[in-house]
Each structure stands twice: as structure tokens, then as C-alpha cells.
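>>> compute the structure for the input listed below.
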Amino acid sequence: MNRLGRRVMERAGTVLAILGLLVVGFLTSLDVWTVVIAPLFLRIQFLQGALSVGTFSVVVAVTGALLGYDVWRDDETERVRTGPPVQAIVPAYRDADVLDASVTSLLVNDYDPLRVVIVVEPDDERTHDRAAELATTYDPVEVLVNDDPGSKATAINNAVAWSPADHFVIFDADERAEPTFVPTAMGELLGETDVFQGRRVPRPTGPVETLAYSERVVVQAGYRVGDFVGFTQCQSSATGVTREALAAVGGYADVLTEDLYFSHQCYKADLTVTQNRRCTSSMEAPHTLADLWGQRKRWRIGHVQVSHLRIREALRGRPGLVDLVTVGRAVGSVLAGGALLVLAAHVLFLLVLDASAVVVPFAAIIATIGGVWLRDLLDGRVGPPSWTIALAPLVYLGHGVLTVKCALEYLLTWEGEWYQVTKTGT
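Numbering: from 1, shown residues only. Modelled structure (predicted):
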């Protein structure tokens with residue numbers, strides 16, 4: 001089948017799958033569940049729609065409370081301000097206008113000795129020129145041209161191979177690093193920790209940016225579910241890692257979402273990953289709905305790709321408990337995205353039946369986002385939210401639509417391309 005035919009099939013399949021899941025949701029909303037408590041002679045009946053929305057509300061409330069605790073608790077982490085050399089790595093591609101944010105924020109970290117290397121691609125002259133200017137201005141800054149161009153993973157791996165250091169912190173070019181990030185990370189890495197992960201939030205400077213922030217909070221709350229089985233999310237930004245840990249997993253893999261795959265690698269290698277959600281950096285948010293959609297689509301296609309890779313890897317050998325957890329984590333994330341469309345239909349059904357029935361889930365979502373926002377507001381990372389925070393519950397519906405779209409796109413039309421948002425330095 002030619003590309004046009006596959007494109008038509010992918011788009012038609014996306015529409016049909018989304019409609020199918022919504023129809024399933026509406027139909028199952030009417031199912032009646034009966035619970036009989038014999039000793040008390042009680043017979044209780046629930047609409048499945050009410051039961052699923054109620055369960056969802058509890059999950060959101062619990063994971064939101066856990067995330068809220070993480071960001072509000074006192075940070076008692078030991079900070080180390082001098083010790084072994086630390087190499088900060090900043091991969092950059094088409095980032096000339098935003099590169100200063102990451103570099104200058106890293107340089108104000110109170111750790112010595114700390115050096116920063118900006119890794120640029122050979123075909124990106126503007127970013128190379130700006131990186132060279134920063135290297136001229138600041139002694140600890142150097143420039144490295146990626147000799148295996150094409151991905152963030154290879155840029156990081158080349159910087160690790162080039163550097164004599166044994167401890168690394170990695171940041172995106174548009175990130176503003178927490179001033180205490182390096183001392184905090186080294187306090188962990190010099191102990192029993194192999195990988196240290198801070199929290200990242202988009203800077204919500206407008207209506208679209210507010211939606212991006214809200215979506216990240218929702219996803220970060222969802223990560224708390226993985227924490228229960230010891231699967232800690234670690235990334236390729238706001239990350240501290242030892243050379244030994246990178247060697248244990250073979251470095252970052254050249255895949256669309258190298259950070260997600262890195263989490264799976266670390267779990268398989270039984271590395272100790274420590275998160276500190278009080279140690280928070282900020283990144284530039286998408287400024288248009290098209291950019292928000294494109295960025296999130298890239299990430300969701302990456303989730304589907306990782307699921308595919310993990311299933312294939314597990315089937316090559318004799319799957320053990322670790323494989324079951326990682327495959328379950330990867331595939332479960334994709335399936336959960338599709339299930340959100342069924343849940344969305346349940347919510348719409350209850351909304352028509354009795355509008356007050358959806359107050360609890362909506363309140364749980366807004367409370368989760370609001371609690372984290374207030375912490376970031378008090379810490380000076382964000383300003384007051386835009387009115388679009390009221391639309392935050394729609395993030396779940398969008399996530400479901402995006403998951404279906406990305407699964408079919410990966411299977412039928414995706415050819416390795418990836419989307420890069422416009423960055424302005426905001």
C-alpha cells in the first residue's frame with residue numbers, strides 16, 4: 001500500500017476508533033452493577049458510568065494529594081557544594097534564541113567545579129554561533145559539535161564520552177535550572193543514588209501555556225502510580241546521573257522519547273533512581289495550540305514506540321518479573337489513554353443525567369493543579385493562571401484522542417520524523 005493509502009487508512013481508522021470508544025462508553029454507562037451485602041440484607045445498585053467516574057475521582061484525588069505532598073514538603077535533602085567535577089550537558093538544536101536560559105541558570109548553581117558543554121548539531125550554524133559567544137563570555141562553558149548528528153540521545157552520549165567527569169547533569173536548552181539543582185543532585189549521587197531526577201514545569205505565560213502546565217501536572221500525578229511498583233520516571237533533562245549508571249544501560253537510546261526508554265533501562269538494570277519534586281526547573285511552554293498538539297503527539301508516539309520495543313525485547317528471551325513490570329508500564333500507559341475516551345463518554349452521560357455528578361471529578365482535577373500551581377507561584381516560577389485553567393479537565397479527553405491518533409500513526413504512517421515547537425525565550 002502506498003503512503004497516500006496508508007494515510008487515508010490512518011485517518012479513517014482514527015475517527016472510527018475514537019467514535020467506537022465513545023459509543024462503548026455511552027453504552028456501558030447504562031450497565032447496572034449490583035452489590036449485595038448479605039449479613040446486612042443490603043442490595044446496592046450503581047450505574048457503571050457513576051462507578052467508573054467515582055473510581056477515577058478517587059485515583060485523581062489520591063495521586064494529586066501525593067504530588068501535592070511532594071511539592072509542599074520540607075526539602076531536607078543534603079546539598080553538596082564542592083566535590084568531584086560535574087559536567088553539565090546542554091544539547092541544542094535550533095535553540096539560538098533560548099540557549100542563554102539554560103546556560104546562565106546552570107552557572108549560578110553553587111557547586112565547584114562545574115563546567116557546561118553545549119552540544120550542537122553540525123548543520124545548525126545559528127545555535128553554534130550563539131554557543132560560541134557564550135563560551136567566549138563564560139570560562140566554564142565549552143562547545144562540542146555532535147559527531148553523530150540527528151538526535152538528542154547521541155548528543156548526550158557524545159558529550160559523556162568526550163568529558164573526563166564521572167558525574168553529569170543534563171538540561172534542555174530552554175530550561176531554567178533550579179539554583180540548587182547541582183548541589184542537590186550531587187548530595188544524592190555521592191550517596192546510593194545512580195540517577196537523580198528533578199521536576200520540570202512549563203512556564204504558563206498565557207492561555208495555551210496554562211493548558212500545557214495543567215497537562216504536565218496531571219501527567220506528573222499519574223507518575224505516582226508507577227512509584228508504587230518502584231518504577232520511577234527519569235528523563236534526559238533536569239537529570240543528574242553518574243558515568244557508571246550510563247555505562248550500565250549503554251547510554252541513552254536513539255529513539256523518539258529517549259527519556260522514557262531511559263526510565264525502562266534504569267529499571268531493568270536495577271539502578272537507584274531518586275526524585276525530588278521540590279527541586280524544580282521551568283521550561284518554555286508551547287505558545288500555540290498547534291505547537292501544543294505537535295509536541296504532545298511526538299511524546300505519545302514515543303510512548304507507543306517504547307511499548308513496541310519493550311514487547312519485542314521481552315519476547316526475545318524468557319520474560320521475568322522485571323519485563324512484566326516494564327512491558328505492563330509501557331503498554332498500560334497506551335491502553336489507559338484509549339480508556340480515557342470511554343471514561344469521557346461516562347462523564348458526558350452523567351453530565352446529561354445530572355450535572356452535579358461531575359462536580360467531584362472536576363474538583364479533584366482542579367484541586368490537584370491548583371495545589372501545585374500555588375507552590376510554584378510562591379516560589380516565583382509562575383504567575384497567576386489564565387482563565388483556561390478551567391478547561392484543564394479536557395486534558396484527559398485530549399490525551400485519549402491523541403493516544404488513538406498516535407497508535408495508528410505509528411503503525412501506519414510514521415517514518416521517524418519528529419516535531420519541534422517554536423521557542424522564543426519567553
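
>>> leaving out chain neighbours, which residue sits closest to residue 230?
In space, and not counting its chain neighbours, residue 230 is closest to residue 267: 7.4 Å by CB to CB, 6 or more residues apart in numbering. All C-beta spots, glycine's among them, are computed from the backbone N, C-alpha and C.

>>> tell me the first helix or strand C-terminal of the helix or strand hosting that neighbour.
Element membership of residue 267, judged by DSSP states H and E, is helix 258-268. The C-terminal neighbour of helix 258-268 among helices and strands, as given by DSSP H and E, is strand 273-284.

>>> in this protein, mark out all the helices, start to finish.
3-29, 48-72, 99-107, 125-137, 152-162, 181-189, 207-227, 243-249, 258-268, 289-316, 321-353, 359-378, 394-412 (DSSP state H).

>>> out of those helices, which is the most enclosed?
Mean neighbour count, computed with mean count of other CB atoms under 10 Å, is highest for helix 181-189 among the helices of the chain, reaching a mean of 25.

>>> list the helices and strands that helix packs on?
strand 82-92, strand 167-170, strand 195-203, strand 239-242, strand 273-284 (3 or more CB pairs under 8 Å, 6 or more residues apart in numbering; DSSP states H and E).

>>> CSV please, covering the ones you listed and showing distance to residue 3.
Putting these into CSV (distance: least, CB to CB, whole Å) gives the following:
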stretch, distance to residue 3
strand 82-92, 31
strand 167-170, 36
strand 195-203, 34
strand 239-242, 37
strand 273-284, 33
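
>>> with distance to residue 386 and mean neighbour count as added columns, please give those strands in TSV.
Compiled in TSV, these are given as follows (distance: least, CB to CB, whole Å; neighbours: other CB atoms under 10 Å):
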stretch	distance to residue 386	mean neighbour count
strand 82-92	29	22
strand 167-170	30	24
strand 195-203	12	24
strand 239-242	29	25
strand 273-284	16	22
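
>>> closest to residue 74 out of those strands?
strand 273-284 (8.3 Å; CB to CB).

>>> give me the angle between that closest one and helix 181-189.
Here strand 273-284 points in a direction 170 degrees away from that of helix 181-189 (axes from the mean of the first three to the mean of the last three CA atoms, to 10 degrees).

>>> what packs against strand 273-284?
helix 48-72, helix 181-189, strand 195-203, helix 258-268.

>>> can you list contacts of the last one?
Right, the one you point to is helix 258-268. Helix 258-268 has contacts (CB atoms under 8 Å, 6 or more residues apart in numbering) with 151-153, 156, 194-195, 230-237, 239, 245, 249-250, 252-253, 255, 273, 302-303, 306, 309-310, 322-323, 325-326, 329-330.

>>> quick one on the thing from earlier: of the helices and strands packed on helix 181-189, which is nearest residue 178?
That would be, of those and by CB to CB, strand 273-284, which comes in at 5.1 Å.

>>> gap between the helix holding residue 267 and the chain center?
Offset of helix 258-268 from its chain centre (CA atoms, centre = their mean, to the nearest Å): 13 Å.

>>> kindly report the same for stretch 268-285.
Per CA atoms, centre = their mean, the centroid offset for stretch 268-285 relative to its chain is 10 Å.

>>> swap in stretch 122-139?
On CA atoms, centre = their mean, the centre of stretch 122-139 falls 28 Å from that of its chain.

>>> ok, stretch 376-394 next?
18 Å.

>>> again, but for stretch 360-372
That offset, for stretch 360-372, works out to 19 Å (CA atoms, centre = their mean).

>>> still on that earlier bit, do you know which of the helices of the chain lies nearest residue 418?
helix 289-316 (5.2 Å).

>>> the closest one packs against which elements?
Short answer (3+ CB pairs under 8 Å, 6+ apart): helix 289-316 packs on helix 207-227, helix 258-268, helix 321-353, helix 394-412.

>>> which of the ones you listed sits closest to residue 291?
Comparing those under CB to CB, the one sitting nearest is helix 207-227, at 7.8 Å.

>>> tell me what the closest one is packed against?
Using 3+ CB pairs under 8 Å, 6+ apart, helix 207-227 sits against helix 48-72, strand 195-203, helix 289-316, helix 359-378, helix 394-412.

>>> also compute the angle for that helix relative to helix 289-316, please.
Going by the same axes, to 10 degrees, helix 207-227 makes 20 degrees with helix 289-316.

>>> report the angle between helix 207-227 and helix 321-353.
130 degrees.

>>> export helix 207-227 to PDB, keeping only CA atoms.
Output of helix 207-227 as PDB, limited to C-alpha atoms (Å, rounded to 0.1, in the frame of the first residue of the first chain):
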ATOM      1  CA  PRO A 207      -3.900  30.700  27.800                       C
ATOM      2  CA  VAL A 208      -2.200  27.900  25.800                       C
ATOM      3  CA  GLU A 209       0.800  27.800  28.100                       C
ATOM      4  CA  THR A 210      -1.600  27.400  31.100                       C
ATOM      5  CA  LEU A 211      -3.100  24.300  29.400                       C
ATOM      6  CA  ALA A 212       0.500  22.900  28.900                       C
ATOM      7  CA  TYR A 213       1.200  23.500  32.600                       C
ATOM      8  CA  SER A 214      -2.000  21.800  33.600                       C
ATOM      9  CA  GLU A 215      -1.300  18.800  31.400                       C
ATOM     10  CA  ARG A 216       2.100  18.400  32.900                       C
ATOM     11  CA  VAL A 217       0.800  18.400  36.500                       C
ATOM     12  CA  VAL A 218      -1.800  15.800  35.500                       C
ATOM     13  CA  VAL A 219       0.900  13.600  34.000                       C
ATOM     14  CA  GLN A 220       3.200  14.100  37.000                       C
ATOM     15  CA  ALA A 221       0.400  13.000  39.300                       C
ATOM     16  CA  GLY A 222       0.000   9.900  37.100                       C
ATOM     17  CA  TYR A 223       3.700   9.000  37.600                       C
ATOM     18  CA  ARG A 224       2.900   8.400  41.300                       C
ATOM     19  CA  VAL A 225       1.100   5.200  40.200                       C
ATOM     20  CA  GLY A 226       4.400   3.900  38.800                       C
ATOM     21  CA  ASP A 227       6.100   4.800  42.000                       C
END
